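Q: my questions concern the predicted model and sequence given below.
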Amino acid sequence: MLRNEGLDTILDPSLVPVSTTLAPEGIHMDRERLKDVQTSDLKDDRLNEDFVVWLKTKGPTWLLMILVAVVAYLYIINWKQGQINYRNEAWIALAEAQLPTSLEDVAVQYPDVDSVAPQARLRAAGMYLQSALLMRGIGSTTENTIALSDEDRTFNLDRAAALYGEVVSSDTGDVSDTVIAYSALNGLAAVAESKGDLDDAAAWYAKAAQRSEDAFPFLSQRARVRAESCSQYDHLVSLPESLQEEPSLEGFIPPIDDRPESIEDITNIITLPDFQGPSAEPSEDPGDQP
């Protein structure tokens, strides 16, 4: 019997609900399950509270760092694309330039793109030198030839020498720049030859041979041959405007009065002309001699 102390009565066990008569093991399991649920809820609440606290204290700093990293990445991508576009523009400008002044502008505008600047200066100097050698103005054509005065020729030679000198002064001595430096040194030698200074030309050829002897021995040998032979060209050579016409056989008439008129006349022995042989002097009769 169960005793209820509040009512001071004795209860009949048969009147107690079934749920209150569970085994102690079942009650213990329910309590453990409830405890686990409450613990899980407490953990979730604690995580949420920790996350909120982290956002309030360190969240802005981390978000700022992530934003800076994204901006830096986008900047690097745009910078690399800009470098590619800048390099392409430099080579396109070099290919499209057709006048020495345009080539000089390309060299000034793109001084840090590969070998664009020295190549532009070499091309411009070559145009000035060719104009001075041909005595024709820059831009002359076969149909429209522009005569070059002595003052303009001197200016073109000086300008070519200045551009070649800039290429030589920018030479770093690297193997990849050997051909460019060799071309510039030969250009200076050609300018000196055009001015009649053969000793200076030989000195420039010797420098070109020395600059290319390690990487390109055949170029060095060619420069040495030029240095040794340039002293032979001590006078100017005038080039003709056009080649002389070779004599033609058209209209040629053989100096024979009785010319054959057909192939039958040539092969017919009757129609062959008579040629007079050498006249023979009469020989003396041996009987007439004393």
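A: Cool, the structure landed.
Q: check which element follows the helix or strand hosting G82 along the chain.
A: Assignment of secondary structure by DSSP states H and E places G82 within helix 59-96. Downstream of helix 59-96, the first helix or strand assigned by DSSP H and E is helix 100-109.
Q: counting by contacts, list what that next one packs against.
A: helix 59-96, helix 116-134 (3 or more Cβ pairs under 8 Å, 6 or more residues apart in numbering; DSSP states H and E). Any C-beta I mention is one placed from the backbone N, CA and C, and that applies to glycine too.
Q: among these, which is the most enclosed?
A: Ranked by mean neighbour count, the helices and strands packed on helix 100-109 are led by helix 116-134 with a mean of 21 (mean count of other Cβ atoms under 10 Å).
Q: give me the contact list for that helix.
A: Helix 116-134 is contacted from outside by 90-91, 93-94, 97, 99-101, 103-104, 106-108, 110-111, 137-138, 140, 148, 153, 156-157, 159-161, 163-164, 166-167, 170, 177, 180, 183-184, 187, 190-191, 194, using Cβ atoms under 8 Å, 6 or more residues apart in numbering.
Q: could you pull out the helices for the stretch 101-250 of the chain?
A: All helices of the stretch 101-250 of the chain, identified by DSSP state H, counting those that start in this stretch, fall at 116-134, 150-169, 178-195, 198-212, 217-229.
Q: buried ones in the third one?
A: Of the residues in helix 178-195, those buried by neighbour count under the rule 16 or more other Cβ atoms under 10 Å are 178-194.
Q: which of the contacts of helix 116-134 count as buried?
A: Neighbour-count burial (16+ other Cβ under 10 Å) applied to the contacts of helix 116-134 gives 90, 93-94, 97, 100, 103-104, 106-107, 110, 137-138, 148, 153, 156-157, 159-161, 163-164, 166-167, 177, 180, 183-184, 187, 190-191, 194.
Q: low pLDDT regions in the stretch 151-290 of the chain?
A: Judged by pLDDT under 70, the stretch 151-290 of the chain has its weakly predicted residues at 233-244, 247-290.
Q: how about N48, what does it touch?
A: Listed by Cβ under 8 Å, 6+ apart, the contact set of N48 is empty.
Q: so how far is S183 from it?
A: Note on N48: its distance to S183, by Cβ to Cβ, to the nearest Å, is 75 Å.
Q: got it, and A69?
A: For A69 relative to S183 (Cβ to Cβ), the value is 48 Å.
Q: what do you get for E104?
A: 17 Å.
Q: can you pull the pLDDT of T20?
A: As predicted, T20 sits at a pLDDT of 47.
Q: go on, D105?
A: 95.
Q: now it. Nearest residue, chain neighbours left out?
A: Spatial nearest neighbour of D105, excluding adjacent residues (Cβ to Cβ, 6 or more residues apart in numbering): A97 at 7.7 Å.
Q: so that neighbour sits against V106, correct?
A: Yes - A97 lies in contact with V106 (Cβ atoms under 8 Å); the separation is 5.4 Å.
Q: M135 is in contact with T145, correct?
A: No - in this structure, T145 is not within contact of M135 by Cβ under 8 Å, at 9.7 Å.
Q: okay, these two: which has more neighbours?
A: Counting neighbours by other Cβ atoms under 10 Å for T145 and for M135 shows that M135 has the greater number, 17 against 12.
Q: dihedrals phi and psi, the more buried one?
A: Reported as degrees, to the nearest 10, the phi and psi values for M135 are phi 60, psi 40.
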